[in-house]
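J.: When you get a sec, could you give me coordinates for this:
(one chain, ligands or ions: 1)
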Amino acid sequence: MLTITKRLEFDAGHRIPQHKSQCRNLHGHRYALEITLEGEPIDDPESSDHGMLMDFTDVKALAKDHLVDLWDHAFLVHDGDTLIRNLLAQIPGHKTVVLNRVPTAENLVAIAFEILDPLYTERFGNHLKLRRLRLYETPTSWADCDRK
Ligand SMILES: [Zn+2]
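T.: Numbers count the residues shown, from 1 in each chain. Okay, here's the model as predicted:
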């Protein structure tokens with residue numbers, strides 16, 4: 001089995017409301033999302049994807065359309081963080097993404113996996129699967145979500 005990985009980066013704000021220290025403050029990160037797919041190369045000389053698991057451009061486009069463009073330059077807020085939700089609601093047109101979990105790297109990567117998995121898995125007849133998502137919150141801190 002082969003794997004390919006595509007990396008996308010985006011900027012977003014968040015806070016961890018109950019955190020004991022700095023993460024309680026409103027702040028942002030340059031997140032990086034690494035998408036690892038597994039499968040077999042497409043064996044169809046007529047296809048533009050011949051010899052590929054999936055065209056990297058298509059891997060990127062799906063992730064942008066369904067996740068990255070929605071989260072980029074947004075504030076990711078827990079639905080229970082009503083103080084900040086109410087605050088952001090006063091800013092006309094503010095890009096706010098309300099999540100059902102606190103926006104830790106662990107929860108964000110799990111949410112991202114739920115969104116992206118159905119887009120990639122079994123897309124073609126080459127046993128394509130989303131194997132792993134890795135979300136970097138900083139260059140030295142990341143969380144992984146692997147296919148069970
Ligand atoms: Zn943070």
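J.: CA atoms for contacts and neighbours, from now on please.
T.: Will do.
J.: Is the residue lying closest to residue 105 once chain neighbours are set aside in a helix, a strand, or coil?
T.: Among residues not flanking residue 105 along the chain, residue 143 sits closest, at 5.8 Å (C-alpha to C-alpha, 6 or more residues apart in numbering). Put simply, residue 143 is strand when judged by DSSP: H, G, I helix; E, B strand; the rest coil.
J.: Give me the neighbour count for residue 143.
T.: By other C-alpha atoms under 10 Å, 17 other residues sit near residue 143.
J.: cool, and residue 147?
T.: Counted with other C-alpha under 10 Å, residues neighbouring residue 147 total 11.
J.: Model confidence score at it, please.
T.: What the model reports as pLDDT for residue 147 is 94.
J.: In contact with it: list those residues for me.
T.: 130, 131, 132 (C-alpha atoms under 8 Å, 6 or more residues apart in numbering).
J.: my guess is the residue nearest to residue 105 contacts residue 135, does it?
T.: Yes. The pair formed by residue 143 and residue 135 meets the contact definition of C-alpha atoms under 8 Å, at 5.4 Å.
J.: for this protein, which helix is longest?
T.: Selection of the longest helix in the chain by residue count, based on DSSP state H, yields helix 105-120.
J.: Pull the distance from that helix to the chain's centre.
T.: Distance of helix 105-120 from its chain centroid, counting by C-alpha atoms, centre = their mean, to the nearest Å, is 6 Å.
J.: List of residues touching that helix?
T.: With C-alpha under 8 Å, 6+ apart as the test, helix 105-120 has contacts from 37, 62-63, 66-67, 101, 128-130, 133-137, 142-145.
J.: quick check, residue 31 in a strand?
T.: Yes. Looking at residue 31 with three-state DSSP, it is inside a strand.
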